[in-house]
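**Q** What follows is a predicted protein model with its sequence.
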Amino acid sequence: MAKEVFRDDAPLVTNTFSARGGSEKASYYFSAGHTSQEGILYGEDKSYFDRFSFTANIDADLTDKLNIKAYNTYANIKGSNLGDVLFNALNMSPTTPVYDINGNFGTDSKITQEVKNPLAQISNSYNEGNTNKILGS
(Lines give C-alpha, C1' and ligand atoms only; values in the text may rest on other atoms or scores of the structure.)
Protein backbone atom coordinates (compact mmCIF):
# COMPACT_ATOMS: atom_id res chain seq x y z
CA MET A 1 0.00 0.00 0.00
CA ALA A 2 2.97 2.33 0.50
CA LYS A 3 3.45 2.91 -3.22
CA GLU A 4 -0.18 4.07 -3.49
CA VAL A 5 0.17 6.48 -0.54
CA PHE A 6 3.70 7.93 -0.81
CA ARG A 7 5.39 9.74 -3.69
CA ASP A 8 8.92 8.87 -4.72
CA ASP A 9 9.97 12.50 -4.28
CA ALA A 10 8.73 15.83 -2.98
CA PRO A 11 10.34 18.60 -5.07
CA LEU A 12 11.33 21.75 -3.18
CA VAL A 13 11.81 25.06 -5.02
CA THR A 14 13.14 28.21 -3.35
CA ASN A 15 13.71 31.56 -5.09
CA THR A 16 15.00 34.70 -3.39
CA PHE A 17 15.95 38.20 -4.41
CA SER A 18 17.52 40.85 -2.20
CA ALA A 19 19.02 44.30 -2.50
CA ARG A 20 20.84 46.47 -0.02
CA GLY A 21 22.47 49.83 -0.17
CA GLY A 22 22.68 53.23 1.41
CA SER A 23 24.92 56.09 2.34
CA GLU A 24 26.60 57.41 5.48
CA LYS A 25 23.26 58.55 6.89
CA ALA A 26 20.83 55.92 5.62
CA SER A 27 20.71 52.26 4.67
CA TYR A 28 18.09 49.92 3.26
CA TYR A 29 17.55 46.23 2.72
CA PHE A 30 14.77 44.63 0.68
CA SER A 31 14.19 40.97 0.00
CA ALA A 32 11.49 38.82 -1.55
CA GLY A 33 11.23 35.07 -1.56
CA HIS A 34 9.09 32.17 -2.63
CA THR A 35 9.29 28.58 -1.39
CA SER A 36 7.09 25.73 -2.54
CA GLN A 37 7.15 22.01 -1.92
CA GLU A 38 4.87 19.22 -2.95
CA GLY A 39 4.00 16.84 -0.14
CA ILE A 40 5.19 13.26 0.14
CA LEU A 41 1.61 11.96 0.00
CA TYR A 42 -0.44 11.41 -3.11
CA GLY A 43 -3.63 13.38 -3.35
CA GLU A 44 -2.53 16.19 -5.67
CA ASP A 45 -3.26 19.45 -3.86
CA LYS A 46 -3.90 17.76 -0.51
CA SER A 47 -0.28 17.83 0.63
CA TYR A 48 1.83 20.91 -0.13
CA PHE A 49 3.57 24.01 1.28
CA ASP A 50 3.74 27.41 -0.44
CA ARG A 51 5.19 30.63 1.06
CA PHE A 52 5.74 34.14 -0.30
CA SER A 53 7.66 36.63 1.84
CA PHE A 54 8.80 40.23 1.62
CA THR A 55 11.14 42.13 3.94
CA ALA A 56 11.90 45.86 4.04
CA ASN A 57 14.40 47.34 6.51
CA ILE A 58 15.30 51.03 6.64
CA ASP A 59 17.74 52.79 8.98
CA ALA A 60 18.18 56.55 8.68
CA ASP A 61 19.96 59.22 10.71
CA LEU A 62 17.69 62.26 10.40
CA THR A 63 19.87 64.42 12.66
CA ASP A 64 22.87 63.81 14.93
CA LYS A 65 20.44 62.88 17.73
CA LEU A 66 17.51 61.38 15.83
CA ASN A 67 17.60 57.99 14.16
CA ILE A 68 14.68 56.12 12.58
CA LYS A 69 14.68 52.37 12.06
CA ALA A 70 11.93 50.28 10.51
CA TYR A 71 12.06 46.51 10.15
CA ASN A 72 9.05 44.92 8.44
CA THR A 73 8.31 41.45 7.14
CA TYR A 74 5.21 40.08 5.45
CA ALA A 75 4.60 36.41 4.70
CA ASN A 76 1.74 34.54 3.08
CA ILE A 77 1.83 30.84 3.87
CA LYS A 78 -0.47 28.33 2.22
CA GLY A 79 -0.43 24.64 2.83
CA SER A 80 -2.36 21.47 3.12
CA ASN A 81 -1.61 18.34 5.03
CA LEU A 82 -2.99 14.95 5.88
CA GLY A 83 -0.96 14.12 8.98
CA ASP A 84 -3.08 11.17 10.08
CA VAL A 85 -2.43 9.47 6.75
CA LEU A 86 1.13 8.77 7.91
CA PHE A 87 -0.17 7.16 11.10
CA ASN A 88 -2.65 5.05 9.15
CA ALA A 89 -0.12 4.02 6.50
CA LEU A 90 2.39 2.92 9.14
CA ASN A 91 -0.18 1.04 11.24
CA MET A 92 -2.27 -0.59 8.50
CA SER A 93 -1.60 -4.28 8.06
CA PRO A 94 0.55 -4.89 4.96
CA THR A 95 -1.80 -7.74 4.00
CA THR A 96 -4.85 -5.46 3.82
CA PRO A 97 -5.84 -5.01 0.18
CA VAL A 98 -5.91 -1.47 -1.18
CA TYR A 99 -9.36 -2.22 -2.65
CA ASP A 100 -11.79 -5.05 -1.87
CA ILE A 101 -13.40 -7.30 -4.51
CA ASN A 102 -16.24 -4.78 -4.96
CA GLY A 103 -13.85 -1.92 -5.75
CA ASN A 104 -14.33 -0.22 -2.36
CA PHE A 105 -11.41 0.75 -0.15
CA GLY A 106 -10.02 -2.29 1.66
CA THR A 107 -10.42 -2.60 5.43
CA ASP A 108 -9.02 -4.89 8.09
CA SER A 109 -11.47 -6.14 10.72
CA LYS A 110 -8.61 -7.12 13.04
CA ILE A 111 -7.41 -3.52 13.46
CA THR A 112 -9.29 -0.99 15.57
CA GLN A 113 -11.41 1.73 13.99
CA GLU A 114 -8.60 4.21 14.72
CA VAL A 115 -6.61 2.87 11.77
CA LYS A 116 -8.22 3.64 8.44
CA ASN A 117 -7.28 2.86 4.87
CA PRO A 118 -4.89 5.73 4.02
CA LEU A 119 -6.13 5.93 0.43
CA ALA A 120 -9.70 6.35 1.66
CA GLN A 121 -8.54 9.14 3.93
CA ILE A 122 -6.68 10.91 1.11
CA SER A 123 -9.74 10.65 -1.12
CA ASN A 124 -12.19 11.91 1.50
CA SER A 125 -10.17 14.53 3.40
CA TYR A 126 -9.16 18.09 2.73
CA ASN A 127 -7.31 20.37 5.14
CA GLU A 128 -6.00 23.63 3.70
CA GLY A 129 -4.59 26.64 5.51
CA ASN A 130 -3.86 30.20 4.41
CA THR A 131 -1.97 32.42 6.86
CA ASN A 132 -0.86 36.04 6.52
CA LYS A 133 1.83 37.27 8.92
CA ILE A 134 3.05 40.82 9.40
CA LEU A 135 5.98 41.53 11.71
CA GLY A 136 7.41 44.95 12.30
CA SER A 137 9.33 47.15 14.67
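**A** Thanks, I have the structure now. Since we're looking at a predicted model, the values are computed, not measured.

**Q** and the closest residue to residue 62 other than its chain neighbours, what element?
**A** In this structure, residue 62 finds its nearest non-sequential neighbour in residue 68, 6.1 Å apart by CB to CB, 6 or more residues apart in numbering. Any C-beta I mention is one placed from the backbone N, CA and C, and that applies to glycine too. Using DSSP states H and E, residue 68 falls within strand 67-80.

**Q** beta partners for the residue lying closest to residue 130 once chain neighbours are set aside?
**A** Leaving aside its sequence neighbours, residue 130 sits nearest to residue 78 (CB to CB, 6+ apart; 5.0 Å). Partner residues in beta bridges with residue 78, using DSSP bridges, are residue 50, residue 130.

**Q** so residue 78 makes contact with residue 132?
**A** No - using CB atoms under 8 Å, residue 78 is not in contact with residue 132; the gap is 9.9 Å.
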